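In: how does the following fold in three dimensions:
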Amino acid sequence: MNIKLYSKIVDQVSNAVATAVLEHEPDLARNPLLADGAIRKVLQHIGQRAVGVVVNKLANDAVETTRAQGFTKDEEREIEITTVFGPVAVASPRMRSKYGRRKTCRPVAEALGLKGKARTPAVERALCDFGSEESFGKASKRFEDHYGFEVGRTSVLRIVHEHAAEAQSFVAKKLAAAEAEFDKPLAERPGVPTLFGGVDGHMLRTGTLHPTNDGRQSEVRKLPKRTRETKWRDVRVGVVRPDDQVNPTYVAAMDSYPVVIKQLFGAACSRGLSDASAFVCTADGGNGLRDEVQAQFARCKFILDKMHVVEHLGKAADAIGKGEADKRPWIAQHMRTISAGKVTAVIADLRKHKGKGQEDVRQPANYLDKFKTCVAYDAYAAKGWPIGSGQTESAHRTVSQERMKLPGAWWLPESINPMMALRVLRENNWWPDYWAQGEKNA
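Out: This is a model prediction of the structure:
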């Protein structure tokens, strides 16, 4: 849209509105900062009426085109379009012909695609904006606060879930397109030297509804009453960024490591990963995580999150029977040794322990032995590599928990990945691209 084409009418309307507001709102002389609120209310009515005129003109043109083909109006009907200015009524008659094989049609529906209760992309975008951040009930209230009319909670839920499913497809295609770039020759696409990233998991509450066994029905709709089976499910979030940049690209899904790390690979490609790039992954020791990252990222250096090592040494200290006065210095001494690249000495020291807590001490020793090539923290820090997974762990709040882990909230299992995709769209700044695609295809 070229707004310069409307400069003349903008000037005319601006002057007319300003003159009317100055005439009818004397309080502005005492507080001119109220002017924008007054003008906004007027412009909302102007916008609502202007949209109605435009759409009804297009609808009438479609009707007249059909009338010229020998059809006459058979049934009058109105449809409602929800716009950001408010609802707009549009005449959408059924038309009938005595001739030809086709007897009836609805030209407004067929020519303009307007059926039932339509919503503009601007309305759906606003509802998804609010509904991806807050509960659907609060999103409904927030929309009313901003736009001056209500869209009910269940409508918000339906619209957000529809777009969440489309967002999941959009994210998958975007990651696949980025991954395809990886196969280009290095001479054409050298990529960035180093990327940092990580993967971590957290739990979300899911619920599945099942009919009760007692045959009870709901009071209003007389449907079988249902009970909810609740389960906590593991959701995994990944982040990646070039080493010289701060803001990461996110991926998230309730899925296995192979699936989530494949998404992370696509995200890394979108940030410049090439066959010559090093990928430094800082994460915890989740079962199978390191193996999968190294399988999908050829030039990967895996770093075990330092705080997880501290936690395991804390368990060993408790098992040995260290008091609070001795525990912290004991852990600090062992961490200095580990960080200096001498983890085998710590492993040997733990395995020497006999007597009380021997089995509990052996577990941290085995854990360190499993990751002994991933804990030389002094050397990593000297290279500027992250030794903690703080950015990945904060992604839980940023991408998922701020919306998905509200007090009392539960989710149908099949709704989690679409909603996570909607959140990923927002956090990756792909939101404008998604809506631009929708307007282009409309």
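In: wait, residue 365 sits on residue 345?
Out: No. Residue 365 is not in contact with residue 345 according to CB atoms under 8 Å; the separation is 11.6 Å. Yep, even glycine has a C-beta here, placed from its N, CA and C like the rest.
In: who has more neighbours, these two?
Out: Legend: neighbour count by other CB atoms under 10 Å for residue 365 and residue 345, higher for residue 365 (19 against 13).
In: buried set for stretch 376-383?
Out: 376-377, 380 (16 or more other CB atoms under 10 Å).
In: then stretch 246-253?
Out: 248-253.
In: same thing with stretch 59-74?
Out: 59, 62-63, 66, 71.
In: cool, and stretch 294-308?
Out: Result for stretch 294-308 [16+ other CB under 10 Å]: buried residues 294, 296-297, 300-306, 308.
In: what about it, start to end distance?
Out: Terminal residues of stretch 294-308 lie 20 Å apart, using CA to CA, to the nearest Å.
In: re earlier: for the buried residues of stretch 59-74, which one is nearest residue 412?
Out: Lowest distance from residue 412 to the buried residues of stretch 59-74 (CB to CB) belongs to residue 59, with 38.3 Å.
In: pLDDT below threshold where in the protein?
Out: Low-confidence segments of the chain (pLDDT under 70): 100, 440-442.
In: make it 80
Out: 98-102, 212-225, 438-442 (pLDDT under 80).
In: for it, what's the longest helix?
Out: helix 35-67 (DSSP state H).
In: what residues of it count as buried?
Out: So, applying 16+ other CB under 10 Å, buried residues of helix 35-67: 38-39, 42-44, 48, 51-52, 55, 59, 62-63, 66.
In: next one: stretch 20-28
Out: For stretch 20-28, by 16+ other CB under 10 Å, it's residue 21.
In: which residues does that stretch contact?
Out: 34-35, 38-39, 42 (CB atoms under 8 Å, 6 or more residues apart in numbering).
In: elements contacting the host helix or strand of residue 177?
Out: Per DSSP states H and E: residue 177 is located in helix 153-181. Where contact means 3 or more CB pairs under 8 Å, 6 or more residues apart in numbering; DSSP states H and E, helix 153-181 is packed against helix 121-131, helix 136-147, helix 257-270, helix 413-427, helix 431-441.
In: list the buried ones in the last one?
Out: This means helix 431-441. 431, 434-435.
In: ok, of the buried residues of stretch 59-74, which one's closest to residue 146?
Out: Distances from residue 146 to these, taken as CB to CB, are shortest for residue 59 (28.2 Å).
In: nearest residue to the closest one in space, please, no chain neighbours.
Out: The shortest distance from residue 59 to any non-neighbouring residue, by CB to CB, 6 or more residues apart in numbering, is to residue 108 (4.6 Å).
In: secondary structure element holding that neighbour?
Out: Mapping residue 108 onto the secondary structure by DSSP H and E places it in helix 107-112.
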